[in-house]
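Sequence first, then the predicted structure:
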Amino acid sequence: MKRRLIFLFLLIIYSSALFSQVESSSSYLGQKPPGAIPELFAPGIICTGFNERDITISPDGKEIYYGLLTGKHITIMLTKLVNGKWTEPEIAPFASDENYFHLEPCISSDGNHIYFLSTRPPKDKEPKPRWTYQNIWSSNRNSDGTWSEPNLDTLLNKSNTQFYPSVTKDGTMYFTGNDPQTKKPIILKARLKNGQYQPAEKLPEIINQEGTSPYNAFISPDESFLLACIDGRNNEINPGFANYYVFFRDNEDNWSEGISFGAEINMKGSTATSASISPDGKYLFFAAQKVSKENEELSKTKTLSKMKEFMNSPQNGNYDIYWVDAKIIDELKPTKNK
């Protein structure tokens, strides 16, 4: 136990030092880049034992937004590089109203807009509890770099069940909605024309396959591939759970069959929830549930101090954010799409 407490103490000291000492040349919070095997992203800083997911990074790499779920908060956190130092994560300004939930941020390729899920009531609607409203809101970058008050695109949000926005370089938005007939989640896209989103269209059946539930899809900036969580599809790697798949798109707007990631990403016993690509295209981020061997042993103890250690450690069964070299996506691409 003494050795474990010393480790946690050193982790806290390291985390505090990082926010005060990381130089501006350091990207990704000064973390060592991963290789072909996924690694926890910023343990003790981003991954802390809470549920963390839904990461998006500004084009210049100086702002990192991610989702955080605790007993009290369901919100979006922000850490940014200021005067050569990373700030301690705090609730993003557009997610500061604690009367509502905020999750699933996605920043535009030019860094001037950020889209996210919010349970705020639409205009002229009464507030309702928990997840009654699930709409896509946005904030615009002000001239001083701050964010505007959240606003709702009413053309996009028609049934109060739209979430997990993801945008391409030209502003086309991919998101999850509910099928009017089956009431199951489907992936849709809406083109941006003259600054307004056009009526959404359902993606082809190869993605919205009958009998499955696709959700929380991330579209690459050039629209060449789609990462999606798929439930209801047989998967020998992680059976019985929703898993991460990639779909490739060719120049004729044809999509490939969904290809499952391997066991390193579709971790056994973990339900897929969110994936994204870093703005430089180098890294794949995803959220997963895992209990480390060390925490497995720790969970067997009955003392309060051990319970606290378990809950305040990454890989305790809650969602953590992992990252891995994005080359793993190219390796899955069918030959005809390369």
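Yes, it's here.

Report the rounded mean pLDDT for stretch 223-241.
Stretch 223-241 shows an average pLDDT of 95 in the prediction.

What ranges does this protein have for its helices?
Ranges of helices within the chain are 2-21, 293-298, 304-311, 327-332, based on DSSP state H.

got the buried residues for the second one?
By that I understand helix 293-298. For helix 293-298, the neighbour count (16 or more other C-beta atoms under 10 Å) marks Asn295, Leu298 as buried. Every C-beta, even on glycine, is put in place using the N, C-alpha and C of the backbone.

who touches that helix?
Outside helix 293-298, the residues that touch it by C-beta atoms under 8 Å, 6 or more residues apart in numbering are Arg4, Lys306, Glu309, Phe310, Ser313, Gln315, Asn316, Gly317.

picking that back up, worst mean pLDDT among the helices of the chain?
Among those, helix 2-21 carries the lowest mean pLDDT, at a mean of 47.

ok, the contacts of helix 293-298 vs Ala275, which is closest?
Proximity of these to Ala275 was ranked by C-beta to C-beta; the top entry is Gln315 with 18.3 Å.

tell me, how many neighbours does Ile259 end up with?
Other residues near Ile259 number 15, with proximity taken as other C-beta atoms under 10 Å.

Then Ser148?
Ser148: 14 neighbours (other C-beta under 10 Å).

dump the residue contacts of it.
The contact partners of Ser148, taken as C-beta under 8 Å, 6+ apart, are Phe94, Ser139, Asn140, Arg141, Asn142.

switch to 10 Å and redo it
Contact analysis of Ser148 by C-beta atoms under 10 Å, 6 or more residues apart in numbering lists Pro93, Phe94, His113, Ile114, Ser138, Ser139, Asn140, Arg141, Asn142.

Likewise for Asn238?
By C-beta under 10 Å, 6+ apart, the residues touching Asn238 are 244, 260-263, 265-272.

among these, which ones are buried?
Neighbour counting over these (16+ other C-beta under 10 Å) leaves Tyr244, Ser260, Phe261, Ile265, Asn266, Met267, Ser270, Thr271, Ala272 as the buried ones.

roughly how far apart are the third one and Phe225?
It refers to Phe261. 12 Å (C-beta to C-beta, to the nearest Å).

same thing with the last one?
Taking C-beta to C-beta as the measure, Ala272 falls 16 Å from Phe225.

Ok, the first one next?
As judged by C-beta to C-beta, Tyr244 and Phe225 stand 12 Å apart.

what touches both of those two?
Shared contacts of Tyr244 and Phe225 (C-beta under 10 Å, 6+ apart): Phe218, Ile259.

How about the residue nearest to the spatial centre of the chain, nearest residue that isn't a chain neighbour?
Most central in the chain under C-alpha atoms, centre = their mean is Asp54, positioned 1.7 Å from the mean C-alpha point. Nearest residue to Asp54, sequence neighbours excluded (C-beta to C-beta, 6 or more residues apart in numbering): Gly67, at 3.6 Å.

cool, and Phe261?
Among residues not flanking Phe261 along the chain, Tyr244 sits closest, at 4.8 Å (C-beta to C-beta, 6+ apart).

Make sure that neighbour is actually in contact with Asn266.
Yes: assessed by C-beta atoms under 10 Å, Tyr244 is found in contact with Asn266 at 5.7 Å.

which residues are in contact with both of these two?
With C-beta under 10 Å, 6+ apart, Tyr244 and Asn266 have common neighbours Asn235, Ile237, Asn238, Ser260, Ala272, Phe286, Ala288.

Quick check: the two most widely separated of those residues?
Greatest spacing in those, by C-beta to C-beta: Asn235 and Phe286 (15.3 Å).

who has more neighbours, the two?
The residue with more neighbours, out of Asn235 and Phe286, is Phe286; 28 against 19, by other C-beta under 10 Å.

Let me see the contact set for that one.
Each residue near Phe286 by C-beta under 10 Å, 6+ apart is listed here: 38, 41, 53, 55, 218, 227, 229, 244, 261, 265-267, 270, 272-276, 319-324.

residue contacts, Gly258?
206-207, 209, 212, 214, 226, 228, 230, 233, 243-248.
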